[in-house]
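Q: model this:
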Amino acid sequence: MTSYVVALEKDVRDFSIVRSMMGDKPLIIWRGISGAINVWLDRCPHRSVRLSAGRNMGEYLEGVYHGWRFDESGKVMQVPALQGRPPDDISATVYSTAVADGFVWASEQECSPSGSAGEPCYPVHFAAPFDQVRLHVDANVNHLTPWGVDGTMVYPTGNPVQRRAELSAIRRRLEES
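A: Next up is the predicted model:
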């Protein structure tokens, strides 16, 4: 299982919406009233309109197109046109999310490494030297993502102490930009 850095934790503020990407998948990242950070596919299950065009109301995310409301689990909790409880089988596409080392991590699969206490599964792709890390700024999405050479994500590897030091160095560089 692979986790991807999709945002800096500090950029996901209360009542805000952050847009990012995980590969070719558009993401919406938002902090709910519980304090948890949620990472979802940026598509409404009804008409595929971007959820990020809606509003983060704290207790729920409200879609802009038909006003559908989604709770923090991604489940639809209200559909104004139905004037009642929506069907139980409708929900947004929710990704497994972890916050560690100042980053928001997302994975398409549930990620529960043994003894991790909610940390992401760290992939073992490669560790690019720090001087090869550059900032990728996507003006259409308004996010910063650490990328390595040749457009490959940077994944610090090695022992946990070394990994945390490398991630902290990358995070500091991103925050200073």
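Q: Residue 16 contacts residue 57, correct?
A: No. Residue 16 lies out of contact with residue 57 (Cβ atoms under 8 Å); the separation is 11.5 Å. C-beta: built from backbone N, CA, C; applies to glycine.
Q: Strands along the protein, start to end?
A: Counting by DSSP state E, the chain has strands at residues 4-8, 17-22, 25-31, 37-41, 55-56, 61-62, 69-70, 76-78, 94-100, 103-107, 134-138, 143-147.
Q: by contact count, what packs against the second one?
A: Under the contact criterion of 3 or more Cβ pairs under 8 Å, 6 or more residues apart in numbering; DSSP states H and E, strand 17-22 touches strand 4-8, strand 25-31, strand 143-147.
Q: can you put those in CSV and add mean neighbour count and distance to residue 91?
A: Converted to CSV, the helices and strands packed on strand 17-22 look like this (neighbours: other Cβ atoms under 10 Å; distance: least, Cβ to Cβ, whole Å):
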stretch, mean neighbour count, distance to residue 91
strand 4-8, 23, 20
strand 25-31, 22, 14
strand 143-147, 19, 24
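Q: Adding distance to residue 70 and mean pLDDT, write those out as CSV.
A: Converted to CSV, these look like this (distance: least, Cβ to Cβ, whole Å; pLDDT from 0 to 100):
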stretch, distance to residue 70, mean pLDDT
strand 4-8, 18, 83
strand 25-31, 10, 93
strand 143-147, 21, 47
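Q: Would you convert those into a markdown table that also reports distance to residue 93?
A: Formatted as a markdown table, the helices and strands packed on strand 17-22 follow (distance: least, Cβ to Cβ, whole Å):
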| stretch | distance to residue 93 |
| --- | --- |
| strand 4-8 | 14 |
| strand 25-31 | 9 |
| strand 143-147 | 19 |
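Q: Among those, which comes closest to residue 79?
A: strand 25-31 (18.8 Å; Cβ to Cβ).
Q: Determine which of the helices and strands packed on strand 17-22 approaches residue 164 most closely.
A: Using Cβ to Cβ, the helices and strands packed on strand 17-22 put strand 4-8 closest to residue 164, at 13.7 Å.
Q: So what are the sheet partners of the closest one and their directions?
A: With DSSP bridges as the test, strand 4-8 is paired with strand 103-107 (antiparallel).
Q: Now the partner strand: average pLDDT?
A: If you average the pLDDT over strand 103-107, you get 83.
Q: neighbouring contacts of that strand?
A: Strand 103-107 is contacted from outside by 1-9, 12, 22, 27, 29, 37, 39, 95-99, 120-121, 167, 171, using Cβ atoms under 8 Å, 6 or more residues apart in numbering.
Q: swap in stretch 36-45?
A: 6, 9, 12, 19, 22, 25-32, 49-52, 61, 63, 65-66, 68, 72, 74, 76, 90-95, 97, 99, 104, 106.
Q: Give me the buried positions along that stretch.
A: Under the neighbour-count criterion of 16 or more other Cβ atoms under 10 Å, stretch 36-45 has 37-45 buried.
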